[in-house]
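Novice: Turn this into a structure:
(2 chains)
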Number of protein chains: 2
Amino acid sequence: MRATAIRALALDGVAQANSGHSGMPIGMADVATVLFGNHLKFDAANPEWPDRDRFILSAGHGSMLIYSLLYLCGDPEVTLDQLKNFRQWGSKTAGHPENFLLKAVETTTGPLGQGIANSVGFAMAEEMLRARFGKKLVDHNTYVIAGDGCLMEGVSQEAITLAGRYALSKLVVFWDNNDITIDGKVSLSDRTDQVARFKSAGWHVQEIDGHDPAAIDAAITAAKASDQPSMIACKTHIALGHAAQDTSKGHGALTNADQNIAAKEAWDWHTGPFEVPAEVKSWWESTGSRGAADRTEWEARLADASDARQKEFARVIAGDAPKKLSATIKALKKQISETQPKVATRKASEMALEVINPIMPETVGGSADLTGSNNTLTGDLGTFDIDNRKGRYVYWGIREHGMSSAMNGIGLHGGLRPYGGTFMAFTDYARPAMRLAALMKTPTVFVMTHDSIGLGEDGPTHQPVEHLAISRATPNTLVFRPADAVETAEAWEIALSQKASPSVLSLTRQNLPTVRTEHKTANLSEKGAYVLADAEGKRQVILMATGSEVEIALKAREALQAEGIGTRVVSMPCWELFEAQDEAYRRKVLPAGPVRVAVEAAVGFGWDKWLFSERGKRDKGAFVGMTSFGASAPYETLYEKFGITAEAVAEAAKGLL
Amino acid sequence: MRATAIRALALDGVAQANSGHSGMPIGMADVATVLFGNHLKFDAANPEWPDRDRFILSAGHGSMLIYSLLYLCGDPEVTLDQLKNFRQWGSKTAGHPENFLLKAVETTTGPLGQGIANSVGFAMAEEMLRARFGKKLVDHNTYVIAGDGCLMEGVSQEAITLAGRYALSKLVVFWDNNDITIDGKVSLSDRTDQVARFKSAGWHVQEIDGHDPAAIDAAITAAKASDQPSMIACKTHIALGHAAQDTSKGHGALTNADQNIAAKEAWDWHTGPFEVPAEVKSWWESTGSRGAADRTEWEARLADASDARQKEFARVIAGDAPKKLSATIKALKKQISETQPKVATRKASEMALEVINPIMPETVGGSADLTGSNNTLTGDLGTFDIDNRKGRYVYWGIREHGMSSAMNGIGLHGGLRPYGGTFMAFTDYARPAMRLAALMKTPTVFVMTHDSIGLGEDGPTHQPVEHLAISRATPNTLVFRPADAVETAEAWEIALSQKASPSVLSLTRQNLPTVRTEHKTANLSEKGAYVLADAEGKRQVILMATGSEVEIALKAREALQAEGIGTRVVSMPCWELFEAQDEAYRRKVLPAGPVRVAVEAAVGFGWDKWLFSERGKRDKGAFVGMTSFGASAPYETLYEKFGITAEAVAEAAKGLL
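Specialist: Residues are numbered from 1 along each chain as shown, chains lettered A, B, ... in the order given. Next up, the predicted model:
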């Protein structure tokens, strides 16, 4: 009856909403009941207790499973009303589980494969924090329910090979092996031997009847004891006991009233919709509070720790940047403005990390096999490995997607702040996770180097042209394209101070001069855009640029000024932050009147916003940039051939005057 | 010496360019020599002969391997000058192999995993065309060289499980098992048992010494004989014989002159840079022309076929749409305009496919496990399967990326025209392949349904808001967002007539009224945007909309006209095509003067281009749409709550007047 309560609630919730997925919660109810009843360390009243076990529903469409569990266990956020308002406006019980709506939901799932890939990050974070703070404060498991869809998605391969490589033994994945997808039997599109596949990645694998509580219990016990990550293949029946059992119809919303009544009969369940017999509810509530004792013991152990340790633990769990970050960045900026190095911004990023990583022990660096190109490794990090859980640098391999998704998991776990690098063109591979970082409000930092045709000879496959637009079009994402080492340091300070927005750092391969030659303590990038060089004489032209093209704008300004044309240069390292300023500031930087020319070595998509924002006046504008994919050649040639030069910018300005 | 010629040319090409990847061509030279020398069916002088074996360098960074091979074999496009101009502006020997620069390059590789995923499409296409045209005209193998990077990328798992599921026995993958990635030993980031992994996916697997010609030859022979797809794990030494052998340094550009001289000594190679001894060159040239006889025999067999068959074969290989497509679409449009169905555009898409698929036997449909939602299956297609190679519908499983990449492969193979569906939000998963379709100029059709918050209860994970912008920002991509069943039919006609651009069809889940109620034979969508309803009285307002929001714009127009405000509604189903029109047409549709309001249930990123395109006049503009991610609720509620309504549009217009 304990598992049946889940089934009945899931059936009722979906029927009430007239949409959703009934079959998966029904099929996995037995597994969930044994996991929550006998193993999961949690305290339903305190879903954010840092040392709880993590439960991740990778098969997020089965969201009524988690909502039913939370309601039954007494999570104060998940009331009966919430179940009745499943999938309705304003309710916390969204179509797919969303971490920003419910505290007990660890991560937002639904896009398949993301949960299992996040879980790699969760399990890594646990290892890293245990190594740092000790077993008394950090010692928990990560449990995942994944479906056939999760395992067919490519990202799952990246995830399971990472988990295998790093022997994440506290990760346990239940595979809901129900043989059904939306289009029909799994065999219609897949005949993979999943057991052999997981073994090939270094996993401990068990196969059980997913409806046999004793078998489930024994398997979880064995999984916890294993020194490898563990996969439990649970043979289940989707929509068990319902007319739609074992069919793809059972995957979706079961809303036929007669069939639903018959299913409840078959389950021997005789209460009305959303009603749970008192003794069943009572057992679940005791399950929900079982972990309260664990929690209070843990709190006592935390109280035993030194004040400094308690404070530090609280700081990193809260995701607060250390106070000295600001002073550290200021000092670096001063030094850069004085020495004026000509370096690529990827190198400038390394310079920033060299001073940041020592004062922020919560950073976790990494790269998708481009460490030397992304400049993401600094001397003090150490390599995360099976025998070095204190290592803070992860060699992610050629897995941009898995890296990004695992970074999200690290951040969502709490206590750590992940950043990871790849080439900016491979934003494409990382996209599903980059979008979810924004939706989930987790401040992952994506270090995207080689950010234009400036990449040179590798050619158009590796030269991003639309990727700035892609990231800028994504809500709740800060996209930084710093012009020099000073702006790069400023971008890092802002990115590492975020608590609810991911950042994308768009960094060059090629060297750039220092354009911020005068030291300012203020973080100018914080306003998104600012006047880097103002017009001498009457202001006739405003040149706007980001990143490597700021140098070009400055040269164009020189040429225009030489002809007596007053020209302002505005550096725009972060559009989103500029947009967030009040209108007065925006008008101060971009006053109406002068003609405007924007230059960026990317497609112009989106730039019209800044070129023509002051309507009804003479605000003519032009864009100098790319209109096609790039090409393979040394980068200086490419800038010349694609017409992204100071001459072209000056000409464009003069053409508008 | 035959393989050494490759090694020496690769070393010289990279050294001359001072960039590139030397080690992989050096390591795989023996495999390539045996493959080209003994097995590959090709005729270097005729690289586009339809029945050639396909050779795909999935590890595209090793591009000097393919360029060296083509030069040695006498490909007329790859001259010695091309080798000497490796990676230079205007040369055909780009940093990574690009199918649009060299005829013999089947697909553009470099973004790892794409080649092996494309190859699934190549092998499927061969099966399908063999089933249709017979073994006399179609009977060839697909060979792939993949590196560790390709196999770590998630898309490789989607690819190999598809190949296994569909028993693509004519696909042979050589794994360059050299233990090295850019960051170090493979084991640094991966310890997968690749042999077991491929076996788990249903592959025939062999392990050989990749420097032993006899072993290579025997393995290829066995692979060809297998009734499964075949993986040959070739143990190789990266940069064999060079000081950088077996190191990650050997992966990149080997430019140290002394070390390069020493390597040539070690190889017993004594000619100057780019020089190949005559007898070696002569052997390679005979290899390059070995297939000429096969080709002439094939041409004779083709000539034996009936005229109709020859014509049809030529038509599909050329990628020409059948003549009757236009008349078929016109008839459908007429019927729709008369019956005025209220259907979702995903359903309208199915209506179009119902009349298209019977007259275009070259279409290959499919979906990533959302067949019933994407409406991609029509009655006559049949299911592609091991025992039904004539089937034209592919159940791709939950593999958006693998599907998209394989579709590119099907298109690049020639003779077939693939389309495939998923939810538009999962553009994210498909992105790497969607970008490459655009770069490679292959007209894949991406059927993206559930294209806005109109998806409803599934919530923000499944509701695209930035994905129209993402596709529109991508060069050489036609993005269609049709407003009704007529525009949907027009979009399909245009998409299926493309020869060098992919199309994205953005289609609704929710029903829409027919707005094109008056039949026009002309394809109005072909101009990208057109006047759907003109102003009555003085034209004061222009409303611009796409897809599901055209209905809203029309309602807003009614309200505005009722207040005496002359309002034009412009439907903009395809921005890219509108941009391609001359200025006179664009001005006719969007004249200066009236205020402009755009409405689209997506972020406004990019819309400023149309809102403020006529500067210096009173062209005020406003956008009504999304500024955040969506939410989970019935779709009517979402439109209301997010303020995307006729009232809001009318108010915005009045606010500007």
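Novice: so what's the residue nearest to the spatial centre of chain A up against?
Specialist: The centroid of chain A falls nearest to residue A:437 when counting by Cα atoms, centre = their mean (2.8 Å). Taking Cβ atoms under 8 Å, 6 or more residues apart in numbering or on different chains, we find residue A:437 in contact with A:404, A:407, A:408, A:411, A:443, A:444, A:446, A:477, A:502. Any C-beta I mention is one placed from the backbone N, CA and C, and that applies to glycine too.
Novice: just checking, which of the residues you listed belong to helices?
Specialist: Within the contacts of residue A:437, residues falling in helices by DSSP state H are A:404, A:407, A:408, A:411.
Novice: Return the member of these nearest to chain B.
Specialist: The closest of the ones in helices among the contacts of residue A:437 to chain B turns out to be residue A:404 (Cβ to the nearest Cβ; 11.1 Å).
Novice: shouldn't the closest one be in contact with residue A:435?
Specialist: No - counting by Cβ atoms under 8 Å, residue A:404 does not reach residue A:435; the two are 9.9 Å apart.
Novice: who's more crowded, the two?
Specialist: residue A:404 (34 against 31; other Cβ atoms under 10 Å in any protein chain shown).
Novice: Spatially nearest residue to the more buried one (excluding sequence neighbours)?
Specialist: residue A:433 (3.5 Å; Cβ to Cβ, 6 or more residues apart in numbering or on different chains).
Novice: same thing with residue A:356?
Specialist: Sequence neighbours aside, residue A:492 is the residue nearest to residue A:356 in space, at 6.2 Å (criterion: Cβ to Cβ, 6+ apart).
Novice: So for residue A:442, what's the nearest residue that isn't a sequence neighbour?
Specialist: Closest residue to residue A:442 apart from its sequence neighbours, by Cβ to Cβ, 6+ apart: residue A:411 at 4.3 Å.
Novice: Now do that neighbour: how many residues are near it, please.
Specialist: Using other Cβ under 10 Å, residue A:411 has 28 other residues around it.
Novice: do residue A:42 as well
Specialist: Applying other Cβ under 10 Å, we find 27 residues neighbouring residue A:42.
Novice: for the one 3 residues further on, same thing?
Specialist: Neighbour count of residue A:45, defined by other Cβ under 10 Å: 15.
Novice: go on, residue A:225?
Specialist: For residue A:225, the tally of surrounding residues (other Cβ under 10 Å) stands at 10.
Novice: Equivalent analysis for residue A:302, please.
Specialist: Look at residue A:302: counted by other Cβ under 10 Å, it has 17 neighbours.
Novice: for residue A:258, same thing?
Specialist: Neighbour count of residue A:258, defined by other Cβ under 10 Å: 8.
Novice: Distance from the helix or strand containing it to the middle of the chain?
Specialist: In the assignment (DSSP states H and E), residue A:258 maps to helix A:257-266. The chain centre lies 41 Å from the centre of helix A:257-266; the measure is Cα atoms, centre = their mean, to the nearest Å.
Novice: and the helix or strand that that helix is followed by, what other elements does it pack with?
Specialist: Remark: after helix A:257-266, the chain's next helix or strand is helix A:278-289, criterion DSSP H and E. The contact analysis (3 or more Cβ pairs under 8 Å, 6 or more residues apart in numbering or on different chains; DSSP states H and E) places helix A:278-289 against helix A:2-17, helix A:63-73.
Novice: and helix A:278-289, how far out from the chain's middle?
Specialist: 35 Å.
Novice: hang on, the residue nearest to residue A:404 in a helix?
Specialist: Yes - looking at residue A:433 with DSSP: H, G, I helix; E, B strand; the rest coil, it is inside a helix.
Novice: pLDDT of the longest helix seen in chain A, averaged?
Specialist: Across chain A, the longest stretch assigned as helix under DSSP H is helix A:114-133. Model confidence over helix A:114-133, given as mean pLDDT, is 98.
Novice: near chain B at all, it?
Specialist: No - applying Cβ under 8 Å from any Cβ of the partner chain, one finds helix A:114-133 separated from chain B by no less than 8.6 Å.
Novice: Check which helices and strands that helix sits against.
Specialist: Helices and strands touching helix A:114-133, by 3+ Cβ pairs under 8 Å, 6+ apart, are strand A:54-57, strand A:142-146, helix A:148-152, helix A:154-165, strand A:171-177, strand A:363-367, helix A:400-413, helix A:427-440.
Novice: For the helix or strand where residue A:493 lies, give me every contacting residue.
Specialist: Using DSSP H and E, the element containing residue A:493 is helix A:485-495. With contact meaning Cβ under 8 Å, 6+ apart, helix A:485-495 is reached by A:325-326, A:329, A:332-333, A:336-337, A:341, A:343, A:345, A:347-349, A:351-353, A:356, A:419, A:443, A:445, A:478, A:480, A:482, A:503, A:505, A:507, A:514-516, A:523-526, A:571, A:573-574, A:577.
Novice: Mind checking which of the residues you listed are in strands?
Specialist: A:343, A:419, A:445, A:478, A:480, A:503, A:505, A:507, A:571 (DSSP state E).
Novice: Quick one: residues contacting the last one.
Specialist: Listed by Cβ under 8 Å, 6+ apart, the contact partners of residue A:571 are A:483, A:487, A:515, A:529, A:530, A:532, A:545, A:546, A:550.
Novice: Tally up the residues packed near the second one, please.
Specialist: Right, the one you point to is residue A:487. Neighbour count of residue A:487, defined by other Cβ under 10 Å: 31.
Novice: Kindly report the same for the fourth one.
Specialist: Here the count is done by other Cβ under 10 Å, and residue A:529 has 24 residues near it.
Novice: Thought residue A:578 was touching it, still the case?
Specialist: Yes - when contacts are counted by Cβ under 8 Å, residue A:529 is listed as touching residue A:578 (4.1 Å).
Novice: Give me the nearest residue to the residue in chain A positioned nearest to chain B, chain neighbours excluded.
Specialist: Per Cβ to the nearest Cβ, residue A:154 is where chain A lies closest to chain B, at 2.7 Å. Leaving aside its sequence neighbours, residue A:154 sits nearest to residue B:154 (Cβ to Cβ, 6+ apart; 2.7 Å).
Novice: ok, how many other residues are close to that neighbour?
Specialist: With other Cβ under 10 Å as criterion, residue B:154 counts 29.
Novice: Report the contact partners of it.
Specialist: Residues near residue B:154 by Cβ under 8 Å, 6+ apart: A:113, A:153, A:154, A:155, A:156, A:157, A:158, A:399, A:401, A:402, B:113, B:401.
Novice: ok, of the contacts of residue A:437, which one's closest to residue B:24?
Specialist: Residue B:24 lies nearest to residue A:404 out of the contacts of residue A:437, by Cβ to Cβ, at 26.2 Å.
Novice: Distance of residue A:24 relative to residue A:4?
Specialist: 16 Å (Cβ to Cβ, to the nearest Å).
Novice: go on, residue A:643?
Specialist: Look at residue A:643 and residue A:4: by Cβ to Cβ, they are 69 Å apart.
Novice: What of residue A:447?
Specialist: Distance from residue A:447 to residue A:4, by Cβ to Cβ: 49 Å.
Novice: do the same with residue A:93
Specialist: When residue A:93 is compared with residue A:4 (using Cβ to Cβ), they lie 20 Å apart.
Novice: Between the two, point out the one with more neighbours.
Specialist: Legend: neighbour count by other Cβ under 10 Å for residue A:93 and residue A:4, higher for residue A:93 (30 against 20).
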